[in-house]
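S.K.: Below: sequence and its predicted model.
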Amino acid sequence: MDLGLTETQQMLKSSAREFLESECPPSLVRQMEEDERGHPEQVWGQMAALGWCGVAFPEEHGGTGGDFMDLAVLLEEMGRSLLPGPFFSTVVLGGLTILDGGSESQKREHIPSICEGQITMTLALVESGGTYEPWGVEAQARRSGDGFTIDGTKLFVPDGQIADMFLVAARTSEGSDPADGISCFLVPSSAGGISIRPMRTLAGDKQCEVTFANVRVPESALIGEEGNGWPLLERTLSRATVAKSLEMMGGAEAVLDLTVGYAKQRVQFGRPVGSFQAVQHHCANMATEVECCRYVAYQAAWKLTEEGPSDLEVSMAKAWISRSYQRVCSLAHQCHGAIGFTWDHDLQLYTRRAKAQESLYGGPGYHEDLVGQALGI
Amino acid sequence: MDLGLTETQQMLKSSAREFLESECPPSLVRQMEEDERGHPEQVWGQMAALGWCGVAFPEEHGGTGGDFMDLAVLLEEMGRSLLPGPFFSTVVLGGLTILDGGSESQKREHIPSICEGQITMTLALVESGGTYEPWGVEAQARRSGDGFTIDGTKLFVPDGQIADMFLVAARTSEGSDPADGISCFLVPSSAGGISIRPMRTLAGDKQCEVTFANVRVPESALIGEEGNGWPLLERTLSRATVAKSLEMMGGAEAVLDLTVGYAKQRVQFGRPVGSFQAVQHHCANMATEVECCRYVAYQAAWKLTEEGPSDLEVSMAKAWISRSYQRVCSLAHQCHGAIGFTWDHDLQLYTRRAKAQESLYGGPGYHEDLVGQALGI
Amino acid sequence: MDFRLSAADEDFQTSLLQFLGEELPPGWEGRGRWAEDDDWDFTKSLRKKLADKGWLTMHWPEEYGGQGVSPVRSALFNEEMSYNRAPGRDIFGVRMLAPTLMIYGTEEQKKEFLLPVAKGEVQWCQGYSEPGSGSDLASLQTRAVADGDDYVINGSKIWTTMAHRADWIMLLARTDTDAPKHRGISFILVDMKTPGVTVQPVHNMTGGHDFNQVFLDNVRVPKRNLVGEENRGWYVGVTLLDFERSGIDYSAISRRILSDVTEHVKNTRANGKTLASDTRVRNLLIDRYIESETARLLAYGVAWMQGEGMVPNKEASMSKVFGSETLQRVTGSCLEILGLYGQLRDGEAWAPIRGRVPEDWMHSFSHTVAAGTSEVQRNIIASRGLGLPRG
Amino acid sequence: MDFRLSAADEDFQTSLLQFLGEELPPGWEGRGRWAEDDDWDFTKSLRKKLADKGWLTMHWPEEYGGQGVSPVRSALFNEEMSYNRAPGRDIFGVRMLAPTLMIYGTEEQKKEFLLPVAKGEVQWCQGYSEPGSGSDLASLQTRAVADGDDYVINGSKIWTTMAHRADWIMLLARTDTDAPKHRGISFILVDMKTPGVTVQPVHNMTGGHDFNQVFLDNVRVPKRNLVGEENRGWYVGVTLLDFERSGIDYSAISRRILSDVTEHVKNTRANGKTLASDTRVRNLLIDRYIESETARLLAYGVAWMQGEGMVPNKEASMSKVFGSETLQRVTGSCLEILGLYGQLRDGEAWAPIRGRVPEDWMHSFSHTVAAGTSEVQRNIIASRGLGLPRG
């Protein structure tokens, strides 16, 4: 048993924290909420230069040859600093899916550009059903000529407004099992017929409605087997779920630190509020929550790194952290009083994201059900 | 809107408290746990003399002409003092069912004796399914001669070991709806073929396994219509649920008082433990729970008094109080420390009963489902 | 006991609901107690109409032009206004300033200030909290120095809801810096148009604007605007603080949200079933329903006690804590139920229930800290309510 | 990172489970750490066998006859013993007294006391708490007065688990009444057979007997039984208190209960369906499963940190609080699942799982207060762990 990071991971983590504290302050986070593109391109370029985009890709494709666990420490720190922009969507949703299910030529074509930060990608999966289950995929991809024509409306597409390429899930045939007949396509945003509209969200992040109307793509746009795209997407969702859990865990840590710092410094009744037992116990509870979050998130990341997607650990992480992070934020607000509710205070940035993230890649109830399935109950 | 007791009810309540504090101290409660009969007959006689057994029965049948709301204040106080013995089973399960569904002659025969405390009764409903739903009734009552022959094993029969009469639910016919074909019989414990064994329970109360083997009863033993006993039993269960909720609410109040008293008097670190904010907030939370319990219990009692059984208010009371009372006891243990876990301390008497009562007349999940049904969701 | 509304209360309820049905635009989804920036004119016009109906001040004693209605009726009014998300109530003028003046004000002050409040023609705000004085309100530092017939006031107030709309502010200011902290404070009425008063918005988590910071820079106020005795302002100012501790609004908002979301899940189909048929959805709705109804009972319990002449001290705090925490749970669970769609705010085409749920969820984080944090309320319950010794 | 047990740990686990499979009677449902009145002989015999295997003291340094195994291995041992409800461990002698002696004991004391502990031949108990000194342990009043080569001890200890079985007691007693309260305490070893020592049972909520009150009436103890310096006993005595704060037992019991109840609901049919098909039952089991596994991770985290040479201070308290509260939730939820049957205790024919669930539920109320209440643990997390200022 080894519950610690490797020395390299620790170094990566602390340099990431240092970089993000300096380059991604809360002011940038606020600014990007208002910004139409929500993409801090300078930071993005610097991260690419640091090799972050390629951390989980093999050297042969331009990466640095690390694994998901190395990516995990970056995701935690990005969650901590609420990094806006397309890292998650490009690397976790896009790149790792191509690495997992793409052909050699697709990998050669796209992964080096991802590692260099030259292109952005995202996943267009969810539709009006608001679900990550296969029945929600209603978009159609019909064979036409030597390619396909895609029609459908995707919702909650992260960073769709700046994506160079969309991974699109669409039906190429119908089967009795809703998971059958789904195919994945890599569609450049420049293809004709795509319209993109950011939705107005709680976290002020950029999740888009993306409509595909008669969008033509060649045969080579297909990632993986025609009609058998769901297993690939399922693995992508599993990675995304763990990645989101790691981000949330990093966020929860930040909220704890923010609160403990405030409790030490804020004076009422002639003493720091952190000397009141009620505040102390709130902080103790938050710290315990965060410790739990850390273990369940790392366990899921480790399991995924070692053995690939595993429902039990992955869903346990997302379910636990989704609920735990809410409790952490709620206690943090109690410790902060009115100031934490103001726009200019950083706490609310986390609180809003915590609730949004709760729903992303499956809410806690959804993942609890998956835990039950994995346990056979 | 009038959320207070009448002056008469207040007087009844305070005299009940005074009487029970003096006549039913915790030492008696402990003693009755060990006692085979678990029936403090002297107290029972005094209560009957005070008119308590007849408080909810009409004067024409020997009662004092009060209503369920008058009974409610007694039940609350009995719950507070953890009164052992057959009051609940005789009056709520037995007497009120006869009043509700019995013939005039049955009322004339039994209710005066109940009011005078001369006989004890109980309900033999639950069987091995462990449920209060009609499908659980498997006992058979077959027509034989000019009466019926009853066979079956009943579990969790309260105070069965001292009951003079059993209200027995048994099937006289089979229908497609499990609620059809159930009949109620009034069976004297002296009837041949009944064997009674107290079960070993968490609360050390007396819940019995009662086996009916070839027990013969005359036609006149039937309460209500043959085959249509379930609606009557359903109303009985509704009253029992409210009555149990009232007892639990009284118990929760006692736990609060016990804990506040202890917190004021127990000194650690040179000050009463009740001056520590953690203990203060535990007590504040307990007090809030108890306040909520009081309103939901009284609302259910009022609704039942005014309009008869009503799933929404009744199930809301039992569901809320079942969960709330657990929280109250748990906080009380934290405030008491180790002493509350000792046999000789009164707290544990309540804690064990709270958990047992949670399951009686339907657990919180069962009643939450009923609330959902009443709301149409 | 009788848990029903009286026939007279039901009649009032019918009239009020009819009025709101006529006055509120179809599909109205306002915020209720506080006006949003874009409905201030509507708020003012509705307030005027409420005043004309006599409802705004119906709980005032008859000698001041009220109807002396019972606290239960008053709670019912607040409940229906909140449930229907109707703006127009004025808690500062009608429910805090006026009752305070009735007790402590001079005849002149009553004459000058009560009528405009009753007519719904003036907006008051409450200058209590300061950046350094939140839970420890009595440590406030804003100074009022006597100068001839005036006070000259310097300092700053924060969390001043509606200050940007207000005509007047009721201010707690320190008039004696040597006295123990509770004994050197005075309660002073200040015209917001007085030179030296500036208001700066403090945007909240929703991006909305209720709060302000109010700066007082050599603000000169005539001494006749002092309410009660000099240096006794703490006792004047906290008299009505208890009113803020009602949980009726929270339970009403909770019940409304639950009702809206229940409708939504019954009518929304996913994968061939309604959302309501998911047992997790159903169980969350049931649990929150029970809590919301219980919160409502606590709130009416406070009103009933007041009507009986009892002083619901710990009960008011319980109602406030339980109500506000229930609202946080209700909105949180409803967002969980709405899933991805719960993220969508008003203005987004795909947003269910016009984005009301995330909005009310965000606001819930102010309810558990405003008007005394849950922790302060628990202190009150423990010490004043249960008699536990001070820490 | 690697969340798996090492191959060597797995080998140990296999041996241990095989041993327990052979030694525990079929259908064994003992209580685990503490012997019940009716299985004391079995406990002693199993302890002897554990000692013979070298497992009882495998975490001791090699110089004291241990194997110096990692804290993770040690946690695994405790976990499996608890999960399998196997008696025989001796936390007082093996895990508290002995490590304390290794640090503070004289050579003579080590020679005299360590070997019997290692052989599993002696039962120790811990004389810390007093009726007036619980959370405020340092206020203890038991006096030890020097008299020639002896101390004469008077006072009373409470919550003394296993005192009725114990051969020796490690005692905290006050040797200087004038010093500040932490500075006048000494750590003294007392033979329970010494005249003046009497033991009175303190029955607990289950009716069972683990606790005792120990009375010391002019008990004469040779001064060579003092461990460490006189008046420095507080620091000697609390050195090993941290061991008590492991959550591994709680998570193991939680996991076992859940496993048993899950089996039960899968195999019990009601109204034509298994109990497990009830979504409320299923959801409770899932929620508690996640918590129990998380509690397990926290506990192993503490062990892993110890193995890395880190000092898991706040982490140990977190593990203790979270583990014990999880156990209370797990047993509470399982009783809810069992419904009416949850009331039935061992000895009752209809009792599921031999009445283990209500028994463990009752015991959970001691776990959240013993060895430092949850509140004291939270104080430790806040002050020592997070650096929040003292109140």
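M.R.: Noted; the coordinates are in hand.

S.K.: most distant residue from the middle of the chain?
M.R.: Picked chain A for this. Checked against the mean C-alpha position of chain A, the extreme residue using C-alpha atoms, centre = their mean is A:Gly270, at a distance of 43.3 Å.

S.K.: oops, chain C please
M.R.: Of all residues in chain C, C:Gly272 sits farthest from the chain's C-alpha centroid, using C-alpha atoms, centre = their mean; the distance is 43.0 Å.

S.K.: residues contacting the closest residue to chain B within the stretch 201-350 of chain A?
M.R.: Relative to chain B, the nearest point of the stretch 201-350 of chain A is A:Gln277 (3.9 Å; C-beta to the nearest C-beta). Heads up, the C-betas are built off the backbone N, CA and C, glycines and all. Taking C-beta atoms under 8 Å, 6 or more residues apart in numbering or on different chains as the definition of contact, the neighbours of A:Gln277 are B:276-278, C:391, D:379, D:391.

S.K.: Mind picking the one among those residues that's closest to chain A?
M.R.: Closest approach to chain A among the contacts of A:Gln277 (C-beta to the nearest C-beta): B:Gln277, at 3.9 Å.

S.K.: Which part of the stretch 101-250 of chain C gets nearest to chain B, residue-wise?
M.R.: Nearest to chain B, among the residues of the stretch 101-250 of chain C, is C:Gly247, at 10.8 Å (C-beta to the nearest C-beta).

S.K.: what's the neighbour count on that residue?
M.R.: The number of residues packed near C:Gly247 is 31, by other C-beta atoms under 10 Å in any protein chain shown.

S.K.: how close does the residue farthest from the centre of chain A sit to D:Ala7?
M.R.: In this structure, A:Gly270 lies at 59 Å from D:Ala7, with C-beta to C-beta, to the nearest Å as the measure.

S.K.: How about the contacts made by A:Gly94?
M.R.: A:Gly94 sits in contact with A:110, A:114, A:120-123, A:165, A:167, where contact means C-beta under 8 Å, 6+ apart.

S.K.: Filter the residues you listed down to the ones in helices?
M.R.: Secondary-structure check on those using DSSP state H: residues within helices are A:110, A:114.

S.K.: hmm, the longest helix seen in chain A touching chain C?
M.R.: In chain A, ranked by residue count with DSSP H as the criterion, the top helix is helix A:230-265. No. Looking at helix A:230-265 against chain C by C-beta under 8 Å from any C-beta of the partner chain, there are no contacts, and the closest approach is 12.0 Å.

S.K.: With the flanking residues excluded, which residue is spatially nearest to the residue of the stretch 101-250 of chain C closest to chain B?
M.R.: C:Gly323 (2.7 Å; C-beta to C-beta, 6 or more residues apart in numbering or on different chains).

S.K.: Could you check how many residues crowd around A:Leu50?
M.R.: Residues contacting A:Leu50 under the criterion other C-beta under 10 Å number 17.

S.K.: Excluding chain neighbours, what is closest to it?
M.R.: With sequence-adjacent residues excluded and distances taken as C-beta to C-beta, 6+ apart, A:Leu50 is closest to A:Phe19, at 7.0 Å.

S.K.: Quickly list the domain ranges of chain C.
M.R.: Each structural domain of chain C that the record assigns through automatic domain parsing is listed here as a residue range: C:7-89, C:125-231, C:245-385.

S.K.: which one of those is the most hemmed in?
M.R.: Burial among these, expressed as mean neighbours by mean count of other C-beta atoms under 10 Å in any protein chain shown, is greatest for domain C:245-385, which shows a mean of 22.

S.K.: With just CA atoms, put the one helix or strand C:Met362 maps to into CSV.
M.R.: Take DSSP states H and E as the rule and C:Met362 turns out to sit in helix C:356-367. Once non-C-alpha atoms are left out, helix C:356-367 reads as follows in CSV (Å, rounded to 0.1, in the frame of the first residue of the first chain):
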residue,chain,number,x,y,z
ARG,C,356,-35.8,30.1,-10.1
VAL,C,357,-34.3,27.1,-8.4
PRO,C,358,-30.6,28.0,-8.7
GLU,C,359,-31.5,31.6,-7.9
ASP,C,360,-33.2,30.7,-4.7
TRP,C,361,-30.5,28.2,-3.9
MET,C,362,-27.9,30.9,-4.1
HIS,C,363,-29.9,33.2,-1.9
SER,C,364,-30.2,30.5,0.7
PHE,C,365,-26.6,31.1,1.6
SER,C,366,-27.5,34.6,2.7
HIS,C,367,-30.6,33.5,4.7
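
S.K.: ok so, going back, run through the neighbouring helices and strands of the host helix or strand of the residue nearest to C:Gly247.
M.R.: Taking DSSP H and E as the definition, one finds C:Gly323 inside helix C:313-338. Packing partners of helix C:313-338 (3 or more C-beta pairs under 8 Å, 6 or more residues apart in numbering or on different chains; DSSP states H and E): helix A:347-359, helix B:277-307, helix C:248-267, helix C:279-307, helix C:356-367, helix C:374-380.
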